[in-house]
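1. structure for the following, please:
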Amino acid sequence: MRTKLNLTICLLAGLIFGLSANAQKTVIKKEALPANAQTFLKTHFGSKNPSYILQDKEILSTEYKVQYDSKIEIEFDKKGNWKEVDGKNSKIPNSIIPKKIASYVKTNFPKEKITKIEIGTYGYETKLTNGLELKFNLKGDFTKIDK
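-> Numbering: from 1, shown residues only. From the prediction side, this is the model:
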């Protein structure tokens, strides 16, 4: 009985290690990004060149991470749709923030700037310069404050 348990644990550990070993991070050029990501970068960052662009390939998914000298980091999914823009406690470009969210923040937190925005299945999550995290639905309606 104990031998079977040990064998099962070893097989599971080997499987997990094998799957994670297949993950590959590669530095790529801007032209190798999906078209959606290239358009996003051109729209919101113009002709600025990123410090680096990583392609993170795993067995079931591919993601991209772009970082600029200003420390702004953008994450894209395999289709080139943005998932997160993180200013690392610095203001992110207003053009990225949906108008309804920007308006809410300007009205309710006039001294604060958005330093991070993330889009998920159920909506947006933003972080302000004061550390507050605000959540919005996909329509941009405020839902709650996280701390």
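
2. quick one, strands of this protein?
-> Ranges of strands in the chain, per DSSP state E, are 24-27, 52-57, 62-67, 73-76, 82-86, 114-119, 123-128, 133-137, 142-146.

3. closest to residue 98 out of those?
-> Proximity to residue 98 (C-beta to C-beta) singles out strand 123-128 among the strands of the chain, at 7.1 Å. Yep, even glycine has a C-beta here, placed from its N, CA and C like the rest.

4. residues in contact with that closest one: which ones?
-> Strand 123-128 is contacted from outside by 97-98, 101, 105, 109, 112-118, 133-138, 140, 143, 146, using C-beta atoms under 8 Å, 6 or more residues apart in numbering.

5. got the strands of the chain as JSON lines, with mean pLDDT, distance to residue 34 and mean neighbour count columns?
-> As requested, those are exported to JSON lines (pLDDT from 0 to 100; distance: least, C-beta to C-beta, whole Å; neighbours: other C-beta atoms under 10 Å):
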{"stretch": "strand 24-27", "mean pLDDT": "84", "distance to residue 34": "15", "mean neighbour count": "10"}
{"stretch": "strand 52-57", "mean pLDDT": "92", "distance to residue 34": "10", "mean neighbour count": "16"}
{"stretch": "strand 62-67", "mean pLDDT": "94", "distance to residue 34": "8", "mean neighbour count": "18"}
{"stretch": "strand 73-76", "mean pLDDT": "96", "distance to residue 34": "7", "mean neighbour count": "20"}
{"stretch": "strand 82-86", "mean pLDDT": "97", "distance to residue 34": "11", "mean neighbour count": "18"}
{"stretch": "strand 114-119", "mean pLDDT": "97", "distance to residue 34": "16", "mean neighbour count": "20"}
{"stretch": "strand 123-128", "mean pLDDT": "97", "distance to residue 34": "21", "mean neighbour count": "20"}
{"stretch": "strand 133-137", "mean pLDDT": "97", "distance to residue 34": "26", "mean neighbour count": "17"}
{"stretch": "strand 142-146", "mean pLDDT": "92", "distance to residue 34": "30", "mean neighbour count": "12"}
